[in-house]
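Chemist: Sequence first, predicted model second:
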Amino acid sequence: MLYLFQLLIAAPFAASAALLSRQVDYGSLHCPEDPLGTLVTPTYGTEGAIFTICSELVINAEPLAGYNAILDFKSYPQWNSFIIDVALPDNVTSTPEDIYVGMTMTFTSNGLIGALNTTSTEVISLFDSSGSAGYLINAWHYDDGVGGAGARAEHPNVFVGLGNGSTRYLSYETYYAGWSTGIIALLKDQLQQEWDIQAQGLKTYVENM
């Protein structure tokens, strides 16, 4: 019953994310050169966007290797010094095989506020490994527990094959207007630093698999 309830709650967001993903060529996006620039996300689009943190690099592996690695939440303690733990639902025993749109996770983050760990609830918005659009994409969004009134944010991961066995990886998170977004914005520089470390960690992990 709880699983069904979660799917019903997630359905509008999933439909929105799928629709927007078809309308935007995510494979053509790059990190904004303007520090005030923002990037569109599958669930929330562009309206109300306040800031984006973004990392972009080349992984010397095929797109599917990076795509599967970022969704293999159980492997995060092996390579991710930013998101050091991911608590998954009881019905998810293997990742990325068991993930589904609307799946709720609890991320434990390290490095944002001194030595303190912080937690956030994240929900899978979209995953598409078909490559039919010329890229692979997955995304999850932050659940603030109050319907987005406090803060909205979404994290897409885009993998574009370069045709030579390597992949351009774009990882970003866009934050939207809410009553707590201003507080989060105070951590923007630290978020960006950890974001870059996380992207580099994924690159190293995938290239050594």
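Modeler: In hand now; what should we look at?
Chemist: CA only for contacts and neighbour counts going forward, please
Modeler: Will do.
Chemist: The one residue sitting closest to the centre of the chain: what's it in contact with?
Modeler: The centroid of the chain falls nearest to H155 when counting by Cα atoms, centre = their mean (2.9 Å). By Cα atoms under 8 Å, 6 or more residues apart in numbering, the contact list for H155 reads 41, 139-141, 171-174.
Chemist: beta partners for it?
Modeler: Counting by DSSP bridges, H155 is bridged to W140.
Chemist: how near is the closest residue to D98 other than its chain neighbours to I99?
Modeler: Nearest non-adjacent residue to D98, counting by Cα to Cα, 6 or more residues apart in numbering: V92, 5.4 Å away. Separation of V92 from I99 (Cα to Cα, to the nearest Å) stands at 7 Å.
Chemist: Next, count neighbours for T95.
Modeler: Applying other Cα atoms under 10 Å, we find 16 residues neighbouring T95.
Chemist: got a list of what it touches?
Modeler: Counted by Cα under 8 Å, 6+ apart, T95 has contacts 71-74.
Chemist: Please apply the same query to V158.
Modeler: 26-27, 135-138, 169-171.
Chemist: Max pairwise distance over those: which two?
Modeler: Largest separation among those by Cα to Cα: Y135 and S171, giving 13.1 Å.
Chemist: and the longest strand along the chain, C-alpha only, in PDB?
Modeler: If you go by DSSP state E, the chain has its longest strand at strand 116-128. These are the backbone C-alpha positions of strand 116-128, laid out as PDB (Å, rounded to 0.1, in the frame of the first residue of the first chain):
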ATOM      1  CA  LEU A 116      28.900  18.000  10.100                       C
ATOM      2  CA  ASN A 117      26.900  15.500   8.000                       C
ATOM      3  CA  THR A 118      23.600  16.700   6.500                       C
ATOM      4  CA  THR A 119      20.800  14.700   5.000                       C
ATOM      5  CA  SER A 120      18.300  15.300   2.300                       C
ATOM      6  CA  THR A 121      15.400  13.400   0.700                       C
ATOM      7  CA  GLU A 122      15.700  12.900  -3.000                       C
ATOM      8  CA  VAL A 123      13.300  11.400  -5.500                       C
ATOM      9  CA  ILE A 124      14.100   9.800  -8.900                       C
ATOM     10  CA  SER A 125      12.500  12.000 -11.600                       C
ATOM     11  CA  LEU A 126      13.700  10.400 -14.800                       C
ATOM     12  CA  PHE A 127      16.100   7.900 -16.300                       C
ATOM     13  CA  ASP A 128      16.600   7.100 -19.900                       C
END
